[in-house]
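Chemist: next input, structure requested:
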Amino acid sequence: MRHDAHPVRIVSSEPLSHPNPYVRLFYGALEHEGFDWVGTFVPSRRWLRAHAGEFDALHVHWIEWMMRSEPDCFRRLVSMRGGWRIVRLMRPLFPWLQLHALGRFCAEARVRRKPIVWTCHNVEPHEGASWPVRAAFRRIARSVDLVICHDESARRGCWTRYRPTGRIVVMPHGNYDGVYPKGRPRDEVRRALGLPLDRPLVLCVGQVRPYKGVDLVCEAVARLSGRVALLVAGDSHVHAYTRRIEDLVRSLPDAVFANRHLSDQEFADFVGASDVVALAYRGLTGSGSALAVLTLGRGVVASDWPFFRDLLRGRPRAGRVFAPGDARALAAAIDDLLGVDPGEREKAARALAAGLSWSTVVAPVAEKLRTLMAEA
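Modeler: Coordinates of the predicted model:
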């Protein structure tokens with residue numbers, strides 16, 4: 001139900017068509033609370049001045065991605081005859097110009113009384129945090145009116161590292177109910193992949209990146225001496241790491257690396273064909289992947305970081321945590337979780353995810369946003 005006859009209009013750094021369903025789930029839930037997503041913004045003062053009358057608040061998601069957009073001056077130069085040559089010469093100045101533009105953008109937003117909201121998905125980028133990106137995190141933190149974190153550990157980390165100027169609200173990460181189609185029959189999916197039908201399947205799903213510890217999962221599966229099969233599924237753009245995972249998977253007796261971008265149907269198929277999903281992250285602030293696979297009824301074995309520890313606390317049938325970076329501990333945790341009856345694992349995973357419906361988790365954010373807009 002709407003709380004206001006005139007919904008608050010929000011523009012964000014990410015479109016509703018973002019590959020992560022989180023974006024549309026979040027704004028879909030906010031819509032029922034009286035907030036409308038009305039488009040995306042460009043982090044420049046020029047854009048802000050041109051569109052200030054079209055929205056009420058700005059919402060920043062992944063700062064590291066936002067920083068990859070070119071400054072206005074570069075875009076204008078490229079459109080000029082021979083401008084690309086000047087851009088090529090000026091390329092070393094690109095980070096400085098980005099940060100300058102971001103600072104002017106934030107200052108203009110404050111002058112125009114346009115509150116800035118930041119969802120701190122990561123306290124810092126997972127990989128390759130360059131100095132411009134770190135500086136952009138600090139710049140946003142100094143300008144923000146409201147920060148959204150997904151658990152208490154993220155709130156503490158955000159406060160300790162950035163001391164943001166605005167309030168911080170904790171919103172548990174919502175589930176992925178209704179996002180994925182029904183998976184195809186388990187045996188059909190396994191046969192198509194050339195995987196055995198007679199033993200448990202461990203799954204690593206999503207982008208294959210070093211911080212996700214896929215190599216550690218391969219080592220743990222090797223320690224289980226052929227008692228489980230392995231499926232690694234997802235695209236990878238870190239070429240050296242991709243080659244390493246290909247070599248590790250080839251060394252295992254029953255393992256497949258489906259190195260490609262997954263459709264929603266493939267994601268559902270692969271999760272449904274698995275018995276346990278391994279999340280061997282070397283570090284993280286939060287994980288949408290965990291909520292996605294739990295929503296689909298699969299238990300998880302996850303690194304013992306605060307987010308996973310809090311998520312799985314009191315839910316031993318839905319998952320286990322293990323000492324980060326320890327392949328032996330990971331293998332033992334997989335073995336332990338596989339000892340739980342499959343039906344009980346699925347029931348516990350679905351129950352955990354069901355308790356994190358978006359209509360429930362978004363409520364504290366909506367309350368803080370209404371207060372913020374009343375004060376703006």
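Chemist: residues of stretch 136-149 that come out buried?
Modeler: Neighbour-count burial for stretch 136-149 flags 136-137, 139-141, 143-149 (criterion: 16 or more other Cβ atoms under 10 Å). No exception for glycine: its C-beta is placed from N, CA and C like everyone else's.
Chemist: with stretch 44-58 instead?
Modeler: Here stretch 44-58 shows 44-48, 55-58 as buried, counting by 16+ other Cβ under 10 Å.
Chemist: residue ranges with poor pLDDT in the stretch 51-200 of the chain?
Modeler: 67-93, 126-129 (pLDDT under 70).
Chemist: at 90 instead, please
Modeler: 62-101, 122-134 (pLDDT under 90).
Chemist: helices along that one, start to end?
Modeler: For the stretch 51-200 of the chain, helices defined by DSSP state H, counting those that start in this stretch occupy the ranges 63-66, 72-78, 83-90, 94-111, 131-143, 152-162, 186-193.
Chemist: and these: which comes nearest G297?
Modeler: helix 186-193 (11.9 Å; Cβ to Cβ).
Chemist: tell me the helix or strand right after the closest one.
Modeler: strand 201-205 (DSSP states H and E).
Chemist: what's that following strand packed up against?
Modeler: helix 214-223, strand 229-233, helix 264-273, strand 276-279, helix 288-295 (3 or more Cβ pairs under 8 Å, 6 or more residues apart in numbering; DSSP states H and E).
Chemist: other residues contacting stretch 178-188?
Modeler: 21, 25, 189, 197, 264-265, 267-273, 292, 295-296 (Cβ atoms under 8 Å, 6 or more residues apart in numbering).
Chemist: using TSV, lay out the helices of the stretch 51-200 of the chain together with distance to P364.
Modeler: Shown next, in TSV, are the helices of the stretch 51-200 of the chain (distance: least, Cβ to Cβ, whole Å):
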stretch	distance to P364
helix 63-66	22
helix 72-78	36
helix 83-90	45
helix 94-111	23
helix 131-143	20
helix 152-162	12
helix 186-193	38
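Chemist: among those helices, which is nearest R282?
Modeler: helix 152-162 (15.8 Å).
Chemist: which helices and strands sit right next to the closest one?
Modeler: helix 131-143, strand 146-149, strand 167-170, helix 306-312.
Chemist: now do 7 Å
Modeler: In this structure, helix 152-162 packs against helix 131-143, strand 146-149, strand 167-170, with contacts taken as 3 or more Cβ pairs under 7 Å, 6 or more residues apart in numbering; DSSP states H and E.
Chemist: adding distance to T119, write those out as TSV.
Modeler: Output for these, formatted as TSV (distance: least, Cβ to Cβ, whole Å):
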stretch	distance to T119
helix 131-143	11
strand 146-149	4
strand 167-170	10
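Chemist: so which of these comes closest to F257?
Modeler: The nearest among the helices and strands packed on helix 152-162, by Cβ to Cβ, is helix 131-143 at 29.7 Å.
Chemist: remind me what that closest one packs against, helices and strands.
Modeler: Secondary elements touching helix 131-143 (3+ Cβ pairs under 7 Å, 6+ apart): helix 63-66, helix 94-111, helix 152-162.
Chemist: are any of the contacts of stretch 178-188 buried, and which?
Modeler: Buried, going by 16+ other Cβ under 10 Å: 21, 25, 189, 267-273, 292, 295-296, out of the contacts of stretch 178-188.
Chemist: what about stretch 319-337, distance to the chain center?
Modeler: Its chain's C-alpha centre and that of stretch 319-337 lie 23 Å apart, by Cα atoms, centre = their mean, to the nearest Å.
Chemist: quick check: buried residues in it?
Modeler: Those would be 319-322, 324, 326-327, 329-335, 337, for stretch 319-337 by 16+ other Cβ under 10 Å.
Chemist: now render the helices and strands packed on strand 201-205 as TSV, adding mean pLDDT.
Modeler: Listed next are those as TSV, based on pLDDT from 0 to 100:
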stretch	mean pLDDT
helix 214-223	98
strand 229-233	98
helix 264-273	97
strand 276-279	98
helix 288-295	95
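Chemist: who wins for proximity to S13 among these?
Modeler: Short answer: helix 288-295, nearest of these by Cβ to Cβ, at 16.7 Å.
Chemist: which residues sit against the closest one?
Modeler: Residues outside helix 288-295 that contact it (Cβ atoms under 7 Å, 6 or more residues apart in numbering): 20, 22, 173-177, 205-206, 271, 277, 279, 300, 302, 308, 311, 318, 349, 352-353, 356.
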